[in-house]
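Q: coordinates only, no sequence provided:
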RNA sequence: GGGGAAGUGGCGGAAUUGGCAGACGCGCAAGACUUAGGAUUUUGUGCCGUAAGGCGUACGGGUUCAAGUCCCGUCUUCCCCA
């Protein structure tokens, strides 16, 4: 017997699998297909243990599916554009392209050491022109179908560096610039958007999707559908403006209006006396984040504009304020304030001494008095002081009020979503250039498809001058107008990298294809993605974008079907040993390369599956991996070492019991694979190994039952620890490769127990264990329990008050 | 403030969903082998108790013959949103 030395077998098998093309996935109409996809990594340069935690169980599941007869596609690639590479370029002067492709090269090596069944022929890298040509083509398609548009929008801007910042470059509660520490401000810039809101309603439908409930809830909340009405108010000076309200029933309770400080009406209605105060407030509000501004528990602030609006339902004159708790980006950027029935409006009204007018009276409390009530009452009840609605219930009034404003022409029912259109523009270099050209005469037009890709120039300057490096390039932006042929300028912004990742699952299908983003034949066979795995942190960004993308493309006839990903599963996070999030600054990062070197990829794989519930994650425990190392060594020893006592001859009973346990465990492991319960797969294999060890001591080595046990064991092991499984498969004289073997079938007859142990409780406390034949009836069990010596002792001659026999699982005797 | 997830031995976690709490592993303890042990192996290991026995799934109630699991309330942690 030889020792188990992972380094000797892992590289050998990886090379052979690669040379044999064992994991190449090709269209095969004779087999059911399974497209398994794991969220693609960003090439940060070093593979993190978190990557392994995402990839390995996904790989094991894909291998399981393959052994179950599916033609499995498991691709890999890199989300290669993005900020970190560009920031490093600014700091260290290394070109993002150079750095990114060096990182990819390094990560490829790390990824290969994992022994996953990736089909590397399908590798796609989003930063290559062959890839981003099609990212740009999709942009053009969206533009041509009216789903991409340009508008003025506020962005975070550092006045010292004179540049716009991405959200993750704005730090701290005071929202300062990460580079110079200057507090950022909001600045209005013209930028490109995708109309995600056009699909808001459809995105709320998860029919036919096997997605975790929590992800659906996150998306539903993020999309934030609310029903209400849009009502047009008029200022005293005759300007009209719209407000969105979810409570049109409270229109008669409006005592003031609030505009967002950024609302265009503000400058037009503010009176000269109020101008200075309003300007100061606008400047201060621009410095705060939306989240801070809307915080319910925050002290309410605001300024009176000096202007008044007319309430269209009763002609009342009501003051117009500006306040930062009203956001320009939600609804219409203006609200009607009903302090009696809205918490924030109430806080504002009390602070500014504005009237609180009750229009809903809940049934079970004394009549409310607006002047003295301590808090707003959002509850339902009967309408009061509400003109024609008075006396109806608030529920009825909701619809009646919509009817009322609709009939009179100053409002209509409306559905509002919190979901906003997707801002695509980034004032950054390291991304796919937005393929648009601006001409003084013809305006914006897309770069003709035949001119794609719009190549990212390599010769750019890295100084943070405040403009996109593309804008400062001496010649790059010069172009010809696609319409008139005259001189024109390119868009110098690049695309959000979420754009690249919204369609990478399509590029994997045919990364070399140059007639379109993907080969339709490959699409028709492989799509949709059957199993998608990744972190839950992408629930509200990537997973909404990619669904939007698929639906928009479907409506253009490019993709098919309602959804791109049928089944979704999320892994949790591996924390550092200190129970904190792993990060270089905390010094708690676990380096997978060292672990692989020391313990072997199979042990690392096994431990990652074993040490926590996959969807939960857990803190890393470096000594825990010893357990899986020992287990694999014992597997090795059990299979390669002949019996210690060759003269021992196993009884028929021993052989039968071994077979039973093997098939019982096979049933359990099969079930757990289907349910993504990887930790119990490994613990089940450990358990079975312990039992096989005992059986071998009892002399089963070399019997047909033993050989079957080894056979089934290695097949079950193959998805978890593919190298050792392959090696032992070969060493026991089996035919290459274990990974092309079918998953074993459970022999239900062999797995059946012939005796079962029934716990017997007296008054709910365990007092006895009854062993009965498996086919014993409940009456038999009851009789056996009652007649047992121990139960007799507790009964002490008296009849039991009640006897419960629970489906051959347990007996409870109540005395 | 709203929504979601979670709370089980010294630790990570099991518990076929209302039916034997603590599988499996780490750690720990004792023994074997060994010049040695950070190798291997055997046994033990929820807590209290010498024992019989009792107590135990964050806390307090409830439903039930039976609750980690269901219901009500409280606390704590994490995530998302405001």
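A: Yep, that arrived. Treat the numbers as computed from the prediction; the structure is a model and nothing was measured.
Q: neighbours of the residue in chain A that RNA strand B sits nearest to, how many?
A: Using CB to the nearest atom of the strand, the closest approach of chain A to RNA strand B is made by residue A:627 at 2.3 Å. Heads up, the C-betas are built off the backbone N, CA and C, glycines and all. Neighbour count of residue A:627, defined by other CB atoms under 10 Å: 16.
Q: which element, helix or strand, includes it?
A: helix A:625-640 (DSSP states H and E).
Q: now the helices for the stretch 151-300 of chain A?
A: With helices called from DSSP state H, counting those that start in this stretch, the stretch 151-300 of chain A shows them at A:200-203, A:213-223, A:265-269, A:275-285, A:290-294.
Q: adding mean pLDDT, mean neighbour count and distance to RNA strand B, write those out as CSV.
A: Shown next, in CSV, are the helices of the stretch 151-300 of chain A (pLDDT from 0 to 100; neighbours: other CB atoms under 10 Å; distance: least, CB to the nearest atom of the strand, whole Å):
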stretch, mean pLDDT, mean neighbour count, distance to RNA strand B
helix A:200-203, 93, 17, 15
helix A:213-223, 89, 15, 4
helix A:265-269, 90, 18, 20
helix A:275-285, 88, 16, 15
helix A:290-294, 55, 13, 3
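Q: rewinding a little: for the helix holding residue A:627, what is the average pLDDT?
A: What helix A:625-640 shows for mean pLDDT is 93.
Q: which secondary structure elements does that helix sit against?
A: helix A:592-599, helix A:601-610, helix A:678-697, helix A:704-717, helix A:722-731 (3 or more CB pairs under 8 Å, 6 or more residues apart in numbering; DSSP states H and E).
Q: was I right about the residue of chain A closest to RNA strand B contacting residue A:606?
A: No. Using CB atoms under 8 Å, residue A:627 makes no contact with residue A:606, being 9.0 Å away.
Q: adding distance to residue A:636, write the helices of the stretch 151-300 of chain A out as TSV.
A: Output for the helices of the stretch 151-300 of chain A, formatted as TSV (distance: least, CB to CB, whole Å):
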stretch	distance to residue A:636
helix A:200-203	50
helix A:213-223	40
helix A:265-269	75
helix A:275-285	67
helix A:290-294	55
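Q: residue A:740 is nearest to which of those helices?
A: Smallest distance to residue A:740 across the helices of the stretch 151-300 of chain A (CB to CB): 34.2 Å, for helix A:213-223.
Q: run through the residues of the stretch 101-250 of chain A sitting next to RNA strand B.
A: For the stretch 101-250 of chain A, the contact set with RNA strand B under CB under 7 Å from any atom of the strand comprises A:213, A:214, A:217, A:218, A:221, A:222, A:224.
Q: swap in 6 Å and give it another go.
A: A:214, A:217, A:218, A:221, A:222 (CB under 6 Å from any atom of the strand).
Q: the first one contacts residue A:569, doesn't it?
A: Read it as residue A:214. No. With contact defined as CB under 8 Å, residue A:214 does not reach residue A:569; the gap is 11.7 Å.
Q: all the strands of the stretch 201-350 of chain A, residue numbers only.
A: A:225-235, A:240-245, A:256-259, A:303-310, A:317-322, A:334-337 (DSSP state E, counting those that start in this stretch).
Q: most packed of those strands?
A: strand A:256-259 (a mean of 25; mean count of other CB atoms under 10 Å).
Q: tell me where the model's unsure across the stretch 151-300 of chain A.
A: The model of the stretch 151-300 of chain A has pLDDT under 70 over residues A:161-175, A:177-180, A:288-298.
Q: which bits of chain A sit near RNA strand B?
A: Counting by CB under 6 Å from any atom of the strand, the residues of chain A near RNA strand B are A:214, A:217-218, A:221-222, A:291, A:294-296, A:540, A:611-613, A:616, A:618, A:621, A:623-624, A:626-627, A:630, A:633-634, A:679-680, A:683, A:686-687, A:690, A:757, A:759, A:764, A:766, A:802, A:804, A:806, A:809-810, A:812, A:814.
Q: turn the strands of the stretch 201-350 of chain A into JSON lines, columns for distance to residue A:776.
A: Formatted as JSON lines, the strands of the stretch 201-350 of chain A follow (distance: least, CB to CB, whole Å):
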{"stretch": "strand A:225-235", "distance to residue A:776": "57"}
{"stretch": "strand A:240-245", "distance to residue A:776": "68"}
{"stretch": "strand A:256-259", "distance to residue A:776": "75"}
{"stretch": "strand A:303-310", "distance to residue A:776": "82"}
{"stretch": "strand A:317-322", "distance to residue A:776": "79"}
{"stretch": "strand A:334-337", "distance to residue A:776": "71"}
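Q: nearest to residue A:113, of those strands?
A: Per CB to CB, nearest to residue A:113 of the strands of the stretch 201-350 of chain A: strand A:225-235, 46.5 Å.
Q: now the helix holding residue A:627 against helix A:704-717, angle please.
A: If you take axes from the mean of the first three to the mean of the last three CA atoms, to 10 degrees, helix A:625-640 sits at 140 degrees to helix A:704-717.
Q: buried residues in helix A:625-640, which are they?
A: By 16 or more other CB atoms under 10 Å, the buried positions in helix A:625-640 come out as A:625, A:627, A:628, A:629, A:631, A:632, A:634, A:635, A:636, A:638, A:639.
Q: distance to residue A:472 added to these, as a markdown table?
A: Formatted as a markdown table, the buried residues of helix A:625-640 follow (distance: CB to CB, whole Å):
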| residue | distance to residue A:472 |
| --- | --- |
| A:625 | 51 |
| A:627 | 57 |
| A:628 | 54 |
| A:629 | 55 |
| A:631 | 59 |
| A:632 | 57 |
| A:634 | 64 |
| A:635 | 61 |
| A:636 | 61 |
| A:638 | 67 |
| A:639 | 65 |
